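S.K.: for reference, the sequence and a predicted model appear below.
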Amino acid sequence: MCRHLVVYILLVLASLYRSTHSAGTTPGIKEVFIGRCWQYQSISEHNKLPELKVNINCTKLWLAFYDSFAFKDPCTVGVDDYKTFFDMLHTSRKIKNALFWSGLHDLVTDFTFINDDYIVLEDTLTGYLLNNLNWCGGTDADGLNSTSCSKTCNVMTPAWTLASSEFAKRSTETAKVLLNATRANNKDAYADGSFFRTVEMPELQVDKLVVYLASSIGKEVRERCADSISMENIRADAEAKNIQVECIDQPSLVLNVYCLKYPKAKECVNKDNFRSDSNADKEEARKWMIVGIVFCTLFVVFSLTALIAWILKHKQSKHRTAVQMTKSGEVIANPQTINNNV
Ligand SMILES: *[C@@H]1O[C@H](CO)[C@@H](O)[C@H](O)[C@H]1NC(C)=O
Ligand SMILES: *[C@@H]1O[C@H](CO)[C@@H](O)[C@H](O)[C@H]1NC(C)=O
Ligand SMILES: *[C@@H]1O[C@H](CO)[C@@H](O)[C@H](O)[C@H]1NC(C)=O
């Protein structure tokens, strides 16, 4: 109880600190960047997928990235400054199972770890390199600012804008988007100013968009597919681009990930919540139902056969005993008759 309170207070203090201070450039950023770049090419599973495979000189790539903002006043850095870097990363190879997301970073990490056939921006080299890094130029000897990065002149925003827009342009066929239906402060799932709404949606190249409205465990659900401002807006934006839209409330794919993490949550303890709602899940469920029915039928038939066999055998053996008894009766009766006759 007391430990929980202390942890809670620390969390509140940490979030207050974060909202007024922004960390400086990630220490060792060059080594992290170059290391990640080699890690991606030499070790990561993603680089084995033809649509994600890259072959790039990591030192050159770092220099292009560094030159985008080093020694520059953060307030002057825009998308044009990152042009060389993004040109090096550019590819037109299409991605069939793109997953976009907005407002739920932690869930996405867990979700894609388990459902690894979806491809998120962080699975591409660009997203992999920049994920969770902090950077900005300044007057330190290396042209960076290691103490704090301005929030008003954020040099990371243009990079993420370009990365997101490139990723959306590569999407094809069906894409999915995970949205947070339990956002705080009455914020819509399809939030104004979010990357998904402002950068990715306008660039989507897909035929169909499946919207997953995910709600955090234990939070009040603000929006449902059938009754949601977000869905109205998404449908309007998608229709203008000839994209078909499907919406799924708290998909089992998401709930199952939550329930692995929080097995004791009330949404998870009640097994009914492990429902199947996507077509694939329904098909799977149907398949298992058929297997179940066949198994049960076989079991019943087998049991009946065994029972009948047992009854028959029992009857037979009773009959046999009866016959035997009569026989022994005769045997006993005979001496008696003999005795009597004697
Ligand atoms: C990679 O680029 C750097 C910087 O331009 C260069 O010095 C190095 O030789 C290149 N490495 C390879 C393997 O091409
Ligand atoms: C959804 O948003 C709320 C509030 O903004 C946040 O507390 C919650 O963690 C988010 N859900 C996920 C799964 O990240
Ligand atoms: C780092 O950025 C802050 C503003 O966020 C600025 O006040 C400070 O002078 C900068 N320091 C360096 C070394 O660039």
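M.R.: Yes, it's here. Ligands and ions are numbered 1, 2, ... in the order given.
S.K.: who's in contact with Val206?
M.R.: 98, 171-175, 243 (C-beta atoms under 8 Å, 6 or more residues apart in numbering). C-beta here means a position set from N, CA and C on the backbone, and glycine is covered the same way.
S.K.: distance to Val77, neighbour count and secondary structure added to those, as JSON lines?
M.R.: Rendered in JSON lines, the data for the contacts of Val206 read as follows (distance: C-beta to C-beta, whole Å; neighbours: other C-beta atoms under 10 Å; DSSP: H, G, I helix; E, B strand; the rest coil):
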{"residue": "Ala98", "distance to Val77": "28", "neighbour count": "28", "secondary structure": "strand"}
{"residue": "Ser171", "distance to Val77": "27", "neighbour count": "23", "secondary structure": "strand"}
{"residue": "Thr172", "distance to Val77": "32", "neighbour count": "17", "secondary structure": "coil"}
{"residue": "Glu173", "distance to Val77": "35", "neighbour count": "13", "secondary structure": "coil"}
{"residue": "Thr174", "distance to Val77": "36", "neighbour count": "16", "secondary structure": "strand"}
{"residue": "Ala175", "distance to Val77": "30", "neighbour count": "25", "secondary structure": "strand"}
{"residue": "Ile243", "distance to Val77": "33", "neighbour count": "19", "secondary structure": "coil"}
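S.K.: export those residues to TSV and append columns for distance to Cys259.
M.R.: Listed next are the contacts of Val206 as TSV, based on distance: C-beta to C-beta, whole Å:
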residue	distance to Cys259
Ala98	25
Ser171	29
Thr172	32
Glu173	29
Thr174	26
Ala175	25
Ile243	31
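S.K.: got TSV for those, with distance to Thr26 and pLDDT too?
M.R.: TSV is the format used below for the contacts of Val206 (distance: C-beta to C-beta, whole Å; pLDDT from 0 to 100):
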residue	distance to Thr26	pLDDT
Ala98	27	97
Ser171	29	97
Thr172	33	97
Glu173	36	97
Thr174	35	97
Ala175	30	97
Ile243	37	98
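S.K.: what pLDDT does the model give Phe274?
M.R.: On pLDDT, Phe274 comes in at 50.
S.K.: check contacts around the closest residue to Asp188 other than its chain neighbours.
M.R.: Once flanking residues are discounted, Asp188 sits nearest to Ser230: 4.7 Å by C-beta to C-beta, 6 or more residues apart in numbering. Residues in contact with Ser230 (C-beta under 8 Å, 6+ apart) are 179, 181, 188-190, 213, 223.
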